Each structure stands twice: as C-alpha cells, then as structure tokens.
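Undergrad: Predicted model, plus sequence, below.
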Amino acid sequence: MKINISCIGIHFLFCYLLLFSLFTSETIFAGENPKKKTYNWEVHLSMGTMYDNNILKYSDKYIERFLNLEDEGRFHINRYDDIVLPYSISVSYTNKFIGDLKTIFSAAFNSNAYSYNGIKNWSQYNFQWRQYVSKSTSFLFSYSYIPEFYIRHFRDDDWVDRYGYTPETFQPYEFSKDNFNAWFQHYLFGKTTRMRLYFSYMRYFHNEHYTEYDSDDYLYGFRVYQRLTKNLIVNAGYKYITSNAKGIDVLNDITEDDIATRSDANNEEHIYIIGASFKFPKIFDLKNDISVTGQYRRRFYTTNNFLELDPIHAGRHDKNIRIYSKYNLDIFNYLSLSAFFNWIYRDTETSAEVNNVYLSNEKDYSQYQIGIKVNYKFQF
C-alpha cells in the first residue's frame, strides 16, 4: 500500500516546531506562575491524527465496487478509508483602538494531509476581524478560501456521448470556494445567555467538467447558548441555506436558460442544532471538559426538471444527521490535548418512488471520524 510520504514529513516537521516552541517557553519551566500580563500577539498551533472510515462518502454500492475492482476509471484512491493528519496555525493581534474596547485581527492556515490518498489533501486560508462595541456585544467579519477540494470521480455524461462508456469518461469533480462570513453576538441576563446571529455568502467554482454546479449560496441563522450551572452550558440553533446553481456548462456551450439540457442542483437546506458542554472536576489539578453537538439537516432540491432528464435531483430530498463530540484536557496553561469522535449519516429519498432505489444506491452513506489533537498557544 503506497503511503503519502510528503504529508508524513510535513506532519513531523510541524510536530518538531510545536515541541520546540513548547520546551523553549519560559512559562513551562517557571517554578511558579508568573504575574499575569496582557499580550497583543497570540499564536495557536494544532496538529493531530484522525481515522476516517469513508473519505469520499461512498454508498455501500460503490464501496463494494471499489473492493471488487469494478468501474475502471472511477476510483483514483488507494483505499476508501485513511489516516488523516490535520494541522493548523493561526496568528492573532489584539488591541484597543476604540476606548476600552477590544479589536482582534487574525489569520489562519489549516490543512488535512491523507496518508494513503494524496488526491484528497486540501487546505484553507482564513482572515478575521472581530470588534467589540461594548463589554457584552461584538461582531465578526471573516473571509476563507479553499483553493481545491476533491470530491470524487464521476462519469461525465457529455463525454459518454463522444467516447462511449470508457474509463476516460470518468472525470474529477473538484471545486474551489470563497466564503464571506459575519456574525453578531450579544450577552444577556448577566452573561448567562449568549445569542449569536449568522450570515454567510459562499461561492463555489467547479472544474471545467462540472461548471453547471457553480453556485452562489447564502446562509442565515442563529444560535443561543444558556448557562444552566457553573459547569454546564446548553445551546440550540437553526440555519437556513439556499443554493443557486448556475447551470452553465462551459465545455458544451450550455447556458442557464437551457433548463431541459442541464442538471439543476438548486436546493434549500434547513439545519437544526442542539448541543451541550460540561466541565468535569479537575483531574490531578488539570482542567477537562466535554462538548457534544448534534445536527439534523433537511435538504430539498427545487428543480422542475422531469425525472428522465435529471434523475439525481428531480424530487430529491436528503436527511442528514451529524454528531460531533470532543473531550479536552488542559495540560498546562498553553498546552491541551483533545480527543474527538464525529459521526455523519445521509439518507436520500425522492418523491418519485420509482427512483428511490437508484438514489439510495448513489447517495446514501455513513461515515465516522475518530482522532486526537495537540493544541499549543503562546503569547508575546
């Protein structure tokens, strides 16, 4: 089995830099905690190891085909699961430019390197500005960019018309993404309640074989956090997303007006969120806590295309359940360990009953991720 050596090397280099920063920190070696100071700069380093049992979100049908070496040209992976090496670095600067109110600027880079399937490697850049307008109220603007994200290979139907059902007709489905975000946050009732309002504008740009899926997406939402006890906080929220796929097929000169000759991936999604976090009693004087978040998502595709023209989207609606859990242990003031487990499940149905089995075989999947992370920060 071929291992992605380059990503292993990057991970070990990152590990070395983190440990070097850790053991050269005077805070760790100080005999007693130094007097608390205020710092303008803060750097966060994080690295981890994660096992993902279904990196391409394949249904059972395609996992079986992969194992049986079927569909020549479809699978460009060495295995359908993988050991993922996530790492990130962020730098923030805090100052008070407006009276006694904090202003925070930050930049971050994070990446996920796959041990056996380098085709899935991806990274993200993020820039943020957070401004307090009072002690209990703040807002944030951010921009993030993903240069390239690989989904999987699909058969390009337009190429089938030219070359028949040959391996060459399987083409990579990839996109880049711009994400413009904003939120507004306010504390209520003596800071026992926190409310946050969200807005995002997302732009997806696909590679030349799938430009009909380029889209402009909008997200609106809110989330409320309520402290019930000193150690327990619960939260609930709702998000609504609209996705407007442009439907322009560049390779075949199909415009967005040619409704009958293109896939129509327009959809609406409702996301219901509930979660909780709890601080456990200290273990050997070390702080530790756990957090769990659950999401229930309903996505409805809104195309008016006939089933025969667009079997992937006509009448389709998805049910998606996601559970994210994390346990965190603070080793020092600037060093923590995290263990996490994520579970994702999608069930796809359609109002056209004759198409139910086909869609389920294509789009149903389950996935879990389990891993650990080392998180370190230093200030200056």
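TA: Great, that's in hand. Numbers count the residues shown, from 1 in each chain.
Undergrad: Taking the centroid of the protein, which residue is nearest it?
TA: The chain has Q124 as the residue nearest its centroid, 10.1 Å off, counting by CA atoms, centre = their mean.
Undergrad: what helix or strand does it sit in?
TA: Assigned by DSSP states H and E, Q124 belongs to strand 122-134.
Undergrad: Can you show me the strands along the stretch 151-300 of the chain?
TA: Here the stretch 151-300 of the chain has its strands, by DSSP state E, counting those that start in this stretch, at 170-188, 193-206, 215-227, 232-245, 267-283, 286-301.
Undergrad: okay if I get those as TSV plus mean pLDDT and mean neighbour count?
TA: Backbone N, C-alpha and C define where each C-beta goes, glycine included. Converted to TSV, these look like this (pLDDT from 0 to 100; neighbours: other CB atoms under 10 Å):
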stretch	mean pLDDT	mean neighbour count
strand 170-188	97	16
strand 193-206	98	16
strand 215-227	98	16
strand 232-245	98	17
strand 267-283	98	15
strand 286-301	98	16
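Undergrad: Indicate which one of the ones you listed is closest to Y51.
TA: Among the strands of the stretch 151-300 of the chain, the nearest to Y51 by CB to CB is strand 286-301 (19.5 Å).
Undergrad: Make TSV out of the strands of the stretch 151-300 of the chain and add distance to Y116.
TA: Converted to TSV, the strands of the stretch 151-300 of the chain look like this (distance: least, CB to CB, whole Å):
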stretch	distance to Y116
strand 170-188	18
strand 193-206	25
strand 215-227	31
strand 232-245	32
strand 267-283	32
strand 286-301	29
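Undergrad: Y150 is nearest to which of the ones you listed?
TA: Nearest to Y150, of all the strands of the stretch 151-300 of the chain, is strand 170-188, at 5.1 Å by CB to CB.
Undergrad: Parallel or antiparallel, which strands does that closest one pair with?
TA: Strand pairing for strand 170-188, using DSSP bridges, gives strand 137-155 (antiparallel), strand 193-206 (antiparallel).
Undergrad: Any idea which of those gets closest to E64?
TA: Between the strands paired with strand 170-188, strand 137-155 lies closest to E64; by CB to CB that is 15.3 Å.
Undergrad: Report the contact partners of the residue nearest to the centre of the chain.
TA: F109, N110, S111, S144, Y145, I146 (CB atoms under 8 Å, 6 or more residues apart in numbering).
Undergrad: Mind checking which of these are buried?
TA: Buried by 16 or more other CB atoms under 10 Å: N110, S111, S144, I146, out of these.
Undergrad: Looking at those residues, which is nearest T192?
TA: Distances from T192 to those, taken by CB to CB, are shortest for S144, at 31.2 Å.
Undergrad: ok, then the element right after the least confident helix or strand in the chain by mean pLDDT?
TA: Least confident element among the helices and strands of the chain, by mean pLDDT, DSSP states H and E: helix 26-29 (a mean of 44). As assigned by DSSP H and E, the chain's next helix or strand after helix 26-29 is strand 41-52.
Undergrad: Which pLDDT value does the model give D161?
TA: The confidence metric pLDDT takes the value 82 at D161.
Undergrad: What about it, how many residues nearby?
TA: Applying other CB atoms under 10 Å, we find 10 residues neighbouring D161.
Undergrad: Quick check: it vs Y150, distance?
TA: In this view, D161 and Y150 are 25 Å apart by CB to CB, to the nearest Å.
Undergrad: try N110
TA: 17 Å.
Undergrad: buried set for stretch 147-163?
TA: For stretch 147-163, a neighbour-count test (16+ other CB under 10 Å) marks F149, Y150, R152, H153, R155, D156, D158, W159 as buried.
Undergrad: Now that we have these, can you turn them into TSV and tack on distance to F97?
TA: Converted to TSV, those look like this (distance: CB to CB, whole Å):
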residue	distance to F97
F149	36
Y150	42
R152	47
H153	50
R155	55
D156	52
D158	54
W159	56
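Undergrad: Single out whichever of the residues you listed has the smallest pLDDT.
TA: D158 (81).
Undergrad: quick one: pLDDT of I3?
TA: At I3, the model reports a pLDDT of 63.
Undergrad: What is the end-to-end distance of stretch 132-141?
TA: Distance between the two ends of stretch 132-141: 12 Å, counting by CA to CA, to the nearest Å.
Undergrad: check which helix or strand covers K61.
TA: Here K61 is assigned to helix 60-67, by DSSP H and E.
Undergrad: now the angle from that helix to strand 137-155?
TA: 60 degrees (axes from the mean of the first three to the mean of the last three CA atoms, to 10 degrees).
Undergrad: after helix 60-67, next one along is what?
TA: Past helix 60-67, the next helix or strand by DSSP H and E is strand 82-98.
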